[in-house]
Structure formats: structure tokens, C-alpha cells
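A.B. asks: Here is a sequence with its predicted model. Questions after.
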There are 2 protein chains.
Amino acid sequence: MSVGKGIHRVDARGKVTGTADYTDDLCGKALVAKVLHATIANGKVLSIDTSEASKIKGVVKILTCFEVPDIRFGTAGHPFVLEAGHKDVEDRKLLNERVRLYGDEIAAVVAVDEVAAKRALKAIKVEYEEYEPILTSQQAMSDKATQLHEGYEKNILKYSEQNEGDYDSAVKRDDLTIFEETVSTQRVQHAHLENSTSFAYMEGERIVIVASTQIPHIMRRIVGQALGLPWGRVRIIKPYLGGGFGNKQDILYEPLNAYLSMILGGRKVKLELTREETFMCTRSRHAMEFKLKTGVDKDGRLVTRYIEIISSQGAYASHGHTVTGNCLTNYSQIYSQTGGFKGQAYTVYSNLGVGGAMRAYGVPQAAFASEVHMETIADKMGIDPIEFRMKNMMTSDYKMPGKDLQCHSTGLLECLQQGKKYIDWDKKRALYKNQTGILRRGVGCAIFCYKTGVYPFGLEISGCRMTLNQDGSVQLQMGATEIGQGADTVFTQMAAQAIGLHTSRVNIVSTQDTDVTPFDLGAFASRQTYIAGKAIKQTAGILRDKIFAYAEKMLGVPAEKMDLKDGDVINKENGELIADLTVLATDAFYSLENAMHLSAESTVNVKQNTFSFGATFVEVEVDMELGRVDIIDIINVHDSGKIINPATAQSQVHGGMHMSQGYAIMEQMKYNERGQLINGNFLDYKMPTAVDTPEWSNAFVDIDDPTGPFGNKSLGEPTTVAPAPAIRNAVFHATGVAFNSLPLDREKLALTFKKQLKGDA
Amino acid sequence: MSVGKGIHRVDARGKVTGTADYTDDLCGKALVAKVLHATIANGKVLSIDTSEASKIKGVVKILTCFEVPDIRFGTAGHPFVLEAGHKDVEDRKLLNERVRLYGDEIAAVVAVDEVAAKRALKAIKVEYEEYEPILTSQQAMSDKATQLHEGYEKNILKYSEQNEGDYDSAVKRDDLTIFEETVSTQRVQHAHLENSTSFAYMEGERIVIVASTQIPHIMRRIVGQALGLPWGRVRIIKPYLGGGFGNKQDILYEPLNAYLSMILGGRKVKLELTREETFMCTRSRHAMEFKLKTGVDKDGRLVTRYIEIISSQGAYASHGHTVTGNCLTNYSQIYSQTGGFKGQAYTVYSNLGVGGAMRAYGVPQAAFASEVHMETIADKMGIDPIEFRMKNMMTSDYKMPGKDLQCHSTGLLECLQQGKKYIDWDKKRALYKNQTGILRRGVGCAIFCYKTGVYPFGLEISGCRMTLNQDGSVQLQMGATEIGQGADTVFTQMAAQAIGLHTSRVNIVSTQDTDVTPFDLGAFASRQTYIAGKAIKQTAGILRDKIFAYAEKMLGVPAEKMDLKDGDVINKENGELIADLTVLATDAFYSLENAMHLSAESTVNVKQNTFSFGATFVEVEVDMELGRVDIIDIINVHDSGKIINPATAQSQVHGGMHMSQGYAIMEQMKYNERGQLINGNFLDYKMPTAVDTPEWSNAFVDIDDPTGPFGNKSLGEPTTVAPAPAIRNAVFHATGVAFNSLPLDREKLALTFKKQLKGDA
């Protein structure tokens, strides 16, 4: 069995020895493009004077926002939707005359090297008309705000509701205790190691873009749309990726890069962002504000739930309301109520950095809101938080009203039980009850649910191709993409198991190239092992059938008697060897009589989904003077169905926990009054480093999901959902202070505790 | 109709603008490998002292012939043969202790740059034991010669016979006039623009080689054999090629290159030959010696034919006797005899440069022998040479005795008629009859036949994959390789026609990558348009069926009513539009209900072959003092079946004629008494340049071959067969001197004519 083994990553050697090629490694000699960014947050460009810049030696081309094609496009890496009403919002051009962001792209320089390009950027003179920057959603929705995009009244990108049961009647019941509070989360950055990098050149009449992207096939479509080209004229090549976390699920600079090459006769042009540009101009996790109102009966059972979400979109639509919608849906799902549910969600434009896809896509925000709120209610009702959750959380009979979405398996209860035991919950809850002094400890927990992939909200198709080599090894070509998360390794294991080979005999093609790669939507929504896994299983079946048919032709044994195990074609009834696959494969290549190249290719269109679950348990020590939160012990316990590779799964969990630690206690993108990001670099934007990092613990509730191709469910994104609220709840337990906004950074905590310590004294 | 149009080459833009990437362009930073070549022709290496060389700064590794794996391998780019008795001769290692060639590979240096590598080469000290160089086949076969390879007595690599009818009886008939003569051809080089270049690196446990090769899939197998690796562990990538002409149908330096990377932990190592190394150590067209004996009846009908061929193989087997055998077979086919045929062919090792595949693979030699000999007989019998050929040449009822090989269509007669008319044969034959003086003119002709591909002598399989893009354009992935000859362009035309699209909507993937490319044997034997054309036609049929099935699901119209023309799915009965393919393709990608990636892949195993034909007619002017032959007018008339692209076909013809001009009057690899090549560079090896080049004329007898996928037959190699003998025959006509050895270079002609002019005077 290949599935379930903790084999080394298939890309380990290349990545460890440095031979793995990333986008920039592949570029070779190219012209260098640099973007001129606006130095106002709201306004418009009146004129751009390039006369001095053009004279600089080595400058090949300057393109301004007045010269780009008059085509608006959307950047969100969603599957294309055939129905006209459901298309992504198209609200920007390659370069923008109307400035909506401090850092908006208003011109580009192409030069023979970076020095010349940067000198030219400095020599370009821009005149603006400047409006007051819109820095909050409240400001954006006020009557006085400038409208940032035509047709979006009060700068509301989109509003939606979700209703279940009869909320309005139920909330009037007089046996309910009503709890109301507000919660908010901050804007953070993905901070992937490799910045956005691409290079583009023409092959004949076609444009080729080599890019660090999670979604090569979607990029093909969006570049085609942005440039007004038939999509087949665009070729995207995706090499190894130095991280994406959702930020590379947006198509930002590649259309511009392509256009610059095209207007220069197809010469190779490279466009690589700096870290500062990445912070300022790419995507971030949406800051959200929540108003929560919950009615609970005397048994501690939730009866009514209400949530209002205001999501701060920033300057452009990007994934926009899809994230907010996912946040709302997730909030509605993790707990149930006996009466009714009402949700109202607003996504609001402003002049801040753009919210997009980021690991878990609205769910970290939803979980923070719900887990803070549940903690408050449990505390106020005097119920143990775990017990309270167990009473109200999603159960296996969950079905989403009006949607083909339901729970097929849940190990959430086991997650809670294992986590509770690990952290020694009952003892420590009691022990840390009435602390005083500077250093205080607490334990907290949080839970989440996470739907795997996007069905029934969107398309879920995935293609796979397998070809047999002369030695009986198999080439595996996936539309789904390795982006650092280990996808190639688990695909290899799945294919090996489904075909009946040792993993060392499955060679995965890591680079996606839209010219030859089967179609798939890409790496997002933690969909790949679930969706692409089904494509692997189906395609392996086809390949096996072809191998057996060939063996029948070669040896005269009926194909239906055959099985393939460990690289041997055997009689499935008695296990006897029929043919060594190497011998059979060599024959298939070279037999004068029968030769044919055995290959299989197929697509799955998956109309099914399932939920994965998990819980974080954490013990913290809070320094009340320094405002410092130390993690003493922490565990993520996941139900992600059957774990394909425990070793790489553990790495995923550790990475997700680490990201959530930063989200909980350190990270926040900060803007000044002009709308300028003031901590957009790794010196000023504080993230956990090695010295901040505790030992991560994790466990898996290894449940077989009946819908998973190998019993598996999503894992990648879920790992980063629960630690932040669990840490917050542990701080609450330790200190008695309910922090309802993220992050719990030192400044906020120290200032808050100062008052409390004074009160104590 | 796409087939038959002279569209621009699909790679024209990239090649004209310089954006097309060749092997070296793709390499980037790499270690540099250089080979140490032996400075004796026959002997063995006693010791190699690398102590000084190792100390040179920048030297990373020195590998000697004493350290390479003890694995012998064959280098010939033939399809692998399953039967043990038919494998290629395995007579060399990565580096060779036993030296058989002045230039044999005895050590290799890897360094950080070329300068360091070259310095190290110079510092290596070698001790040899030297034997007498074997420079002729006669010397090789003598009892005194050293044996160059174990198990090959008298240094004969292989001997074979071909017999038809009862030659021995027929030759005794007393009504025959017997003609006997000897003919010989010289060793020449391919002189492709791009030298042998490769670079290699490891991906995980696999070795990747990017190489300028005609045969990526065969290279995979041979590298696997040479290094003792499972073949699936080897990945070959073939970029654009700067010419091959058969020299890149041998696997020479790539196994060594791969090994050097592997012993350096997978670091990228580049191995690029110089022009001098290319001349000395790669392949050449075999020099052959012919003994011819022919019995003719009084009507000028051939009754018996005998040929003895001694082919000079040089140091290693390479394609060896396969070329000699093809020469013999071709000689037997172009003319028929009423009595019997007997052929005896020897391929003989020596210490000269190695004979391998070169454009037309033995047929230029066969045609030179036969066309000289027919000219002699016609002359001596007083029959017009054209009439004599028409009486005896292959006709449409030809079947090869004992083989599944026959003529399916022939336009040879039309070729002769058109050429005769073009050159104004009758008038000029009379006009130039009795010339005197320094400048004399003559006309001559020659004919040939050429079998397309290798069936029934070898395997002929070819794979093709097509995938539909979102805009209804199609990606075309071929196992067959573009090597500069224009294959990609005609494949595109064939696919467009077979699918029912404009050629601009077929995008061919030019690079072959054994990891993802369908299997095919590669570019040789002028097989590709014939063999791969069938794969295209078959695969297009599958893709069309899938498109129609999808359209039926989408629109409810029965699939069997559909046709696809100019990118529209139409009702094949009334021609009405059913669906625009773009709309249909977009739906196929994104329909929530039906989405699937439409693709088709299939292999053909072709068990059929056909002959193409042609004739050259030429008028020359000979300067009897300078020994100079000027081509006044020349035409190649070809029956290559249906011409897929008249423009690129014409380029092929011109290139072939040019190569044959050099073969006829200039080129020859010359060795000194030590076996050292003395003109192995472009200064000393004389080839026709622009000033030597006449206007090339050509015509096609556009016959539909019933077995060709689009009525087509081979063209690439045939173009270079007939000009050389036609020029020789024209010189004979002009001067009365029968030159029976190639080349008719100035030295030879001037010295010969000197005697004749003295005689005249």
C-alpha cells in the first residue's frame, strides 16, 4: 500500500540540493520590466511625463496608463462561469488612470537591465488629481465618500444574505438568553518566500508566460481576456513554486508582462516584484468586522444565530465577495441552531490593499468570530467550553439547506476528545482559575469545519494522464499543481496504489504547461487530493485495463482474470504471476506485431463534497507587563479523513499552525492616513521567527471518508484555522480579558493589561 | 484544404527573430565538460596521469577510461528489437581504453568553465601502446591487421547477400553483353550548423538530458542501456535543432554527459563539441567500393546484375551494416533484370572516422554506383541513357521477393519526361557531342527510388495526442520530431485538415520531452510525414468523435450527423451550422453539468510502405584546365506523392541538391598515414558556398499515393540522391571522361584532364 506511508517528498532532492528550477532560474537573458506605482491612494493620473526617463540609456519602452488596451478584467483565480451573471467583477486595466490604491500600477518601464529600469522609474514625472483616501468600510459606505468603481453604490462591491429557519420569529422567544458582541480580524499578508515572478515571450503568434502561479489553466483564460486574445493563443508554464497560500490564485502582473513582450515583438521580458511591491500591491487576507447575536436556551442549546459581516475589500474586487460568502457559510455550518439563522454580508471597496484568497479563504475569520463568541457564551452561562461546543457543533447528519452539500463523515468529537486529553484540560482549567501576578497561564480550544473544494458553489473538474514507460514505470501528468504543499508526493502515492506499482516507479511531471497538461483548475480550496485524487483513480483504472488488454493480446490470458500488484500482472484468483510489467511494457513499445504506446487520460467532473474538521488545544503563558504570549504547548487534531502521507501531512499542519500563530499575536498590515502601507517589508511586518516558534504537536483522527477517492478529505488550509482563536481563548482563560480583535500583539496586550494590573493593585 | 498549401513555416517567426531556443540557449549556468581525445588511431591506453590536471583551479572532476562502468553499448539510433539476435552491435564504453580512432574518447574533464576544462585537458598525460593504423578495408581484411573488436574476424563487422532469380545460371547465357566496372564513393560529413550539444542534470533519482537529437525516445533507451538504468529513469528533452541529417540519429556523447552529472550528485553539466570534434568523432557517410557486373541482352534489357559492396565502417559499428544493406537493397530495386540478381555486401571496421546515418542512408552510394554503371552501359551500347533507363527501371508492379514491400504508385516516368523536356535533352545531347577546347558543356541525368520509412525491415510506430483548447483551437503533440526539415509545419497542416480547422488554430508542440510526448521513433528514413501522418489522421478522427459526442450531449443533435469544417460543427447532410467550435469548446471546459477536457491520443503501428522516386537533369560547363565544374542548369523532379506544402518541399529539394553538389564535386574527409583526419574543419573541408551555388529548379509529379495518409510519400532524403550522379554523367557527356569515384574535385579533374588535353593536342 502506497497510500498511508510517510514517504519522502518526491521533490526533496531537487529542493535540498538546489537543482529544482523556479521561475527566475529558468528565465535566462531577458529585458527587465519595472512598474511605476502611484503615490496617492485615491485620485487620478492627470499626466505622465516620460521625456527624461526615455533618454536614460538602456530604456527600451515606457508604457503608461493612457496607452493600454481599453479592456477591463478580473483577477480572481476562479473557474470561468458560462452564465453571464456570475462572471468575476472586471474592474481594472493593465495600468490604471483612476488610482484606487497607494501603489496602483500607472506605468511600466522595460529596459535592458534592472538599474536602467529603476533609474527610468525615478525620472518619470506624474501629475495627479487627489481625493480623500477611504480607509474604513464605514467611511466607504458614507454618502460623502468618492465612488471608487462605477456602478457600486456606497462602494459596496456586493451584499448577500443567508437565512435558515424562521430566525425572526425564533429570536422573539422569551426563553432565550441573547448574547451580542462584536469581533474583528485584521489584514495580513501571505508572506510566501518567492515573490510574484514571471517572464513572457512570443512563440510565433502565441504568447508564452512562465509564471509562479497556483492556477496555470485559469491564468491562460484571464490573460486571454485581459489582452483580448483567443485563449488558445496563450501558453502558461508553471515551474516549482516558492509558496503561494492563495496570493498566487490571483492573476496580477502576468497580463501586463505578456503585453510588454507583445509590443516589443515577442522579446523576452521579465517582471519580478520586490518584497515591498508584494506587500503593497498583491493580495491579503480580508480584514472583517462581525456583529454577532445569539439566542441560547437554558440547556445551553443554540436557538438563534445572527451574523453581520463587513469585509474590507480594498481597491479592487479580486476574490471579493466570494471570500465573504464563504466566511458566512462556514459560520453557519460549524454550529447548528434549533430556531433560525440569519446572516448578512457586505464586501466594501476602499483605498486599502486588496483582499484576496488566503489560506482558508474566509474561514479563519469565521472561526475567529464563532470561537470567540462561543467562548463568551459558555463563560457567561458557566458551561465548560468543550461541553458547550459538543452540544452545538455540526454532526454527521448535517445537510446544507437548498444545496447539495452534506456531511459524510465526522471525527470532530474525537478531535475534541483527543485534544482535551492531550492538554490535560480539566486539571488545567481548574488550576489556572484565579491567577494573579505578572505571569499567568491558561488553556483554550477552538474547532472548525472546512468543506473540501468548491462544489456545489463552483465547477470541480480535474484531468490526469498516465503513460507507460518502456521499463513499466509510469509518467503521471496532472492538471493539479504542486505549489510547495506536497501535492506531487501524494499524487505519486495515489497513482502507485491505484495502478499497482511501487511509488518509485511513478514519475510525476511537476511542471504544468497549458500546452500539454490535462485541464484542472489548480491549487485552491484544499481541493486537490480530493478532486484530482478521483482523476488519478479513474485514469489508473483505464491504464490498467489497457495493460491487461495488451497482456491478453501478448499472452492469450483473459484480461478479466488479471490484477496488477507491485509491478506484476498476476492472476487475481490465485495470485500467480502472469507477466512482469517491465517485460510487458517493453513488448508494448517494440513488438513488430502489436506495438502501441499505452497511455490513459481522463477528466473527472466531481459533483460531491465533504467536510473535514479539527480542533486546536493550546496552553499559553501571558506576560502581563510585556504583553507577551508564549505558547507552552499546542496541538492540532485533524479529521482530514484518511491521511495519504503522515509525514507531509504533519508538515502541512505545522506550517498552518505557524501561520495562525502570527495571525493570532503578531501580524497586521498597517496604513497611515494617506492610505500608504507603512510596514510592508520583513523588517517592519512582524512574523514569528524560529525563536518565537514552539514545538508543534499534531494528531490525526484517521477516519475513512466514503466520498474521498482514498478515504481522504481536505487538509492544507484547515490547519491554519483554529490556532488563532484557541490562543485567544487561552489568553482569555489566563487573564480574564476578552480580546475580540486580532492580533493580540504586544502593544495591545500591554496597554490593556496595564489598566487591569492597576485595577488588581 | 490545408494540405497542399505553401503556408509559412510555423517556426518561421522564432527562427527569424532569434527567439527560438536551441539546446545551448536553454542551458543556463552549468559545469562544462570537455573530452580528451586519443592522439593515436590504433592501440591502447596504458596510463593516464591526471595529477597536474587535477590541480588546475576550477577543475571539478576528471574521469578516465579506467573508471567508467564496464558496460558496452551501441550508438545507432535504431528502434529497439525484442529478438536477441537482432540487437545493435554493442562495441564501446563511455570512454575507451582500447583506442580505435584518432580522436577516440579516453578521458573527460568537468570544470567550472571552458577555460579551466581546456587547461586541464592539456595537462593530462597519456601513455599509449600503439599499433599500425588500419586505413583501408583491404588492409583491415588482411591477415596481418590487428583485430579492432573481439569476435569480428578480419575486421568484418557483417557480411550479407541478396539473391533474386537464378543469377548463376543466367549469367552464363551467351546472348549477353557483360559490363564490369568499379565505382567508389568517399567519406563526407553532414556539416549541420549546430554541433552536438547536450546538458544533463538529475531530478530526484532520474537523469534529464536536454540534447540536440533527432531521436529523443531512442536516446532514452540507449542512455538507459549505456548507464545500466531502467529506461524510465531517463528523461530526454529535444528543443529546436540546428540540423542533423542523420548525424543526430546516433547517441554519442549524451550517455557520458549524463554519467558526469550523476557522479557529481546531479549537478548540471554541459557537453558541447567543437566543429573539429564533430568532424573527427561523430559520424559520416560511409565510403563504399563497388564491383559491378551486368549482363544485357541485345535489346538493351538488363538480364543479370551483380554487385559487391565494401563499406568502410571506421572504428565503431554505429549504423554499420544497416546502411550497407540498405544500399544493396536499393541498388537491387531501382532497376529490374529478367535473369537474376546477386549482391554481396561487406561492412568493414578500420581506424577511420565512423560511418553512420547520413541523409539517404546508403542510397546516394547505391545511386551513384547504378547511375554511373547504367550510363556506361547505355554509352557503350549506343542507347540514349534516358531510353535505356526507361526500359529497365522499376515499374508499378514491383514487389520485393520475400518481403512485404511493393510499389504502390510511381511517377518515375513522368519525372524523366519532365526533366528531359526542361533540360532540352535531345537538342543538347546532340549539340555537345564533339566538343574541344577548354570549356565544354554536357547534360546528364540520374534517377532513384526510395522506400519511405523502414517497414518491413523494422518497426514503424508513431504516437500523436491532440487536446482541445477553450477557444476551439487544438494542441498537437507529436512523437515525431522537427529537426529543421519542416516537419512541424506539415504536421500542423495535416492535423488542421484532418480535424477540420484552419491551420492557424492548430498549435504544435515543437519540443519533444520523453516524459510527456507520445512515443515515436524519430526523424529518420524520411518516414515522418508518411508514418506520423497516419497517427495524425487516426487521432484527429478520435478527437472529432469526442467533439461530436460532446455536441450531442450539449445540443441533442445526433453525433453521426455531424461534420467539422473550418472550425464549425455542421450537419453533414445539408451543411447547416450546428455549433461554433469555440462555443462548444468553452462549454466543454466550464459546463457545471458536462465539463470534460476533450483530448485524443493514439498510436499507429504501420505495416505498409511505399516508394518515392525522382530524377535529376543537369547541364554543366567543365573548365578542363582548372578542373572546375559549373552547374549551368539543374532540376530535380520528384514523385513524392501528394505534396503537403509546396513551399517547404521546395526548400527541402534545394537543400538536398546543394548537399549533393558538394558530394559530387568538392567534399571528402581526408586522413593522413597516422589515421588523423587532416581537413576536419570548415576552412579545409570544402563545401559549396553561396558563390558556388546555382539556381536550383524543381518540379513535383503530384501523384496521390494510395497508401499515404494524405497521398504523400517520402521527400526529405530522396532530394539528395540523384544530383551527384547526374553531375558526374553530365561531366562524362561534356568531356568523355568517365569518373567512377567521388568527388569530381578540382585536383582530380585538373590532373585527369591535363593528360586528356595533352592527348587532344
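C.D. replies: Okay, I see it. Numbering: from 1, shown residues only, chains lettered A, B, ... in the order given.

A.B. asks: Doesn't A:G14 belong to a helix?
C.D. replies: Yes: A:G14 sits within a helix when classified using DSSP: H, G, I helix; E, B strand; the rest coil.

A.B. asks: Tell me the spacing between it and A:R173.
C.D. replies: 62 Å (CB to CB, to the nearest Å). Placement of C-beta: from N, CA and C, glycine included.

A.B. asks: Tell me which of these two has more neighbours.
C.D. replies: A:G14 (19 against 13; other CB atoms under 10 Å in any protein chain shown).

A.B. asks: Return the residues in contact with the more buried one.
C.D. replies: A:A20, A:Y240, B:E203, B:G204 (CB atoms under 8 Å, 6 or more residues apart in numbering or on different chains).

A.B. asks: Could you rerun that using 7 Å?
C.D. replies: Counting by CB atoms under 7 Å, 6 or more residues apart in numbering or on different chains, A:G14 touches A:A20, B:E203, B:G204.

A.B. asks: need the helix or strand of chain A with the lowest average pLDDT.
C.D. replies: Using mean pLDDT, DSSP states H and E, the weakest-scoring helix or strand in chain A turns out to be helix A:746-760, at a mean of 87.

A.B. asks: Show me how the record splits chain A into domains.
C.D. replies: When chain A is parsed with automatic domain parsing, its domains come out as A:22-131+A:196-272, A:284-455+A:608-760, A:461-605.

A.B. asks: on that earlier part again, now do the least confident helix or strand of chain A: everything it contacts.
C.D. replies: The contact list for helix A:746-760, computed with CB under 7 Å, 6+ apart, reads A:T436, A:M624, A:E625, A:L626, A:G627, A:R628, A:T735, A:V737.

A.B. asks: What residues does the stretch 201-350 of chain A have near chain B?
C.D. replies: A:Y201, A:M202, A:E203, A:G204, A:R206, A:R221, A:P230, A:W231, A:G232, A:G265, A:G266 (CB under 7 Å from any CB of the partner chain).

A.B. asks: Filter these down to the buried ones.
C.D. replies: Buried residues within these, counting neighbours by 16 or more other CB atoms under 10 Å in any protein chain shown: A:Y201, A:M202, A:E203, A:G204, A:R206, A:R221, A:P230, A:W231, A:G232, A:G266.

A.B. asks: Please tabulate those in JSON lines, including the columns pLDDT.
C.D. replies: Listed next are those as JSON lines, based on pLDDT from 0 to 100:
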{"residue": "A:Y201", "pLDDT": "96"}
{"residue": "A:M202", "pLDDT": "95"}
{"residue": "A:E203", "pLDDT": "92"}
{"residue": "A:G204", "pLDDT": "90"}
{"residue": "A:R206", "pLDDT": "96"}
{"residue": "A:R221", "pLDDT": "97"}
{"residue": "A:P230", "pLDDT": "97"}
{"residue": "A:W231", "pLDDT": "97"}
{"residue": "A:G232", "pLDDT": "97"}
{"residue": "A:G266", "pLDDT": "94"}
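
A.B. asks: quick revisit: wait, which of the contacts of helix A:746-760 is closest to B:D520?
C.D. replies: Set against B:D520, the nearest of these by CB to CB is A:R628 (65.5 Å).

A.B. asks: okay, now the closest one: neighbour count?
C.D. replies: Count around A:R628 with other CB under 10 Å applied: 17.

A.B. asks: quick one: contacts for it?
C.D. replies: Taking CB under 7 Å, 6+ apart, we find A:R628 in contact with A:R746.

A.B. asks: phi, psi of it?
C.D. replies: phi -100, psi 140 (degrees, to the nearest 10).

A.B. asks: do A:A41 as well
C.D. replies: Recorded main-chain torsions at A:A41 are phi -100, psi -30, according to degrees, to the nearest 10.

A.B. asks: Just give me the neighbour total for it.
C.D. replies: Residues near A:A41, counting by other CB under 10 Å, number 28.

A.B. asks: Then A:D113?
C.D. replies: Count around A:D113 with other CB under 10 Å applied: 12.

A.B. asks: wait, isn't it in contact with A:G58?
C.D. replies: Yes: A:D113 lies in contact with A:G58 (CB atoms under 7 Å); the separation is 6.1 Å.

A.B. asks: which non-adjacent residue is nearest A:S196?
C.D. replies: Closest residue to A:S196 apart from its sequence neighbours, by CB to CB, 6 or more residues apart in numbering or on different chains: A:L273 at 4.5 Å.

A.B. asks: quick one: that neighbour from chain B, how far?
C.D. replies: In this view, A:L273 and chain B are 22 Å apart by CB to the nearest CB, to the nearest Å.

A.B. asks: Isn't that residue up against A:E194?
C.D. replies: No: applying CB under 7 Å as the test, A:L273 and A:E194 come out as separate, 10.0 Å apart.

A.B. asks: tell me the mean pLDDT over stretch A:321-338?
C.D. replies: For stretch A:321-338, mean pLDDT rounds to 98.

A.B. asks: So is the biggest helix by length in chain A next to chain B?
C.D. replies: Criterion DSSP state H: the longest helix present in chain A is helix A:528-555. No: judged by CB under 7 Å from any CB, helix A:528-555 and chain B are separated, with a smallest distance of 9.9 Å.

A.B. asks: Would you indicate which residues of that helix are buried?
C.D. replies: Buried residues in helix A:528-555, defined by neighbour count with 16+ other CB under 10 Å: A:528-540, A:543-544, A:546-548, A:550-552, A:554.

A.B. asks: tell me the secondary structure for A:D563?
C.D. replies: Going by three-state DSSP: A:D563 is strand.

A.B. asks: you'd agree it is up against A:E573?
C.D. replies: No: counting by CB under 7 Å, A:D563 sits too far from A:E573 to count as a contact (9.0 Å).

A.B. asks: Am I right that A:K61 is in contact with A:S261?
C.D. replies: No: applying CB under 7 Å as the test, A:K61 and A:S261 come out as separate, 10.3 Å apart.

A.B. asks: more neighbours, those two?
C.D. replies: Neighbours were counted for A:K61 and for A:S261 using other CB under 10 Å; A:S261 has more, 27 against 17.

A.B. asks: which element is that one on?
C.D. replies: helix A:254-263 (DSSP states H and E).

A.B. asks: Mind listing residues that contact that helix?
C.D. replies: Contacts with helix A:254-263, where a contact means CB under 7 Å, 6+ apart, come from A:33, A:61, A:63, A:73, A:94, A:108, A:110, A:198, A:200-202, A:207, A:209, A:211, A:219, A:222-223, A:226-227, A:267-269, A:271.

A.B. asks: Check what pLDDT the residue positioned nearest the centre of chain A gets.
C.D. replies: Taking CA atoms, centre = their mean, the centroid of chain A lies closest to A:R359, which sits 3.2 Å from it. At A:R359, the pLDDT value in this model is 98.

A.B. asks: On the three-state scheme, it is what?
C.D. replies: From three-state DSSP, the assignment for A:R359 is coil.

A.B. asks: can you pull the contacts of it?
C.D. replies: Applying CB under 7 Å, 6+ apart, one finds that A:R359 lies in contact with A:F245, A:G246, A:M659, A:E717, A:T720.

A.B. asks: State the distance from the last one to A:T213.
C.D. replies: This means A:T720. Noted for A:T720: a distance of 21 Å to A:T213, by CB to CB.

A.B. asks: now swap in A:V109 and tell me
C.D. replies: From A:V109 across to A:T213, the span is 23 Å (CB to CB).

A.B. asks: Of these two, which one has the most company?
C.D. replies: Higher neighbour count among A:V109 and A:T213: A:T213, with 33 against 28, using other CB under 10 Å.

A.B. asks: Please list the residues of the stretch 51-200 of chain A that sit near chain B.
C.D. replies: Residues of the stretch 51-200 of chain A lying near chain B (CB under 7 Å from any CB): A:P79, A:F80, A:V81, A:L82.

A.B. asks: and the last one, how many neighbours?
C.D. replies: Which is A:L82. A:L82: 17 surrounding residues under other CB under 10 Å.

A.B. asks: now do the second one
C.D. replies: If you count neighbours by other CB under 10 Å, A:F80 ends up with 19.
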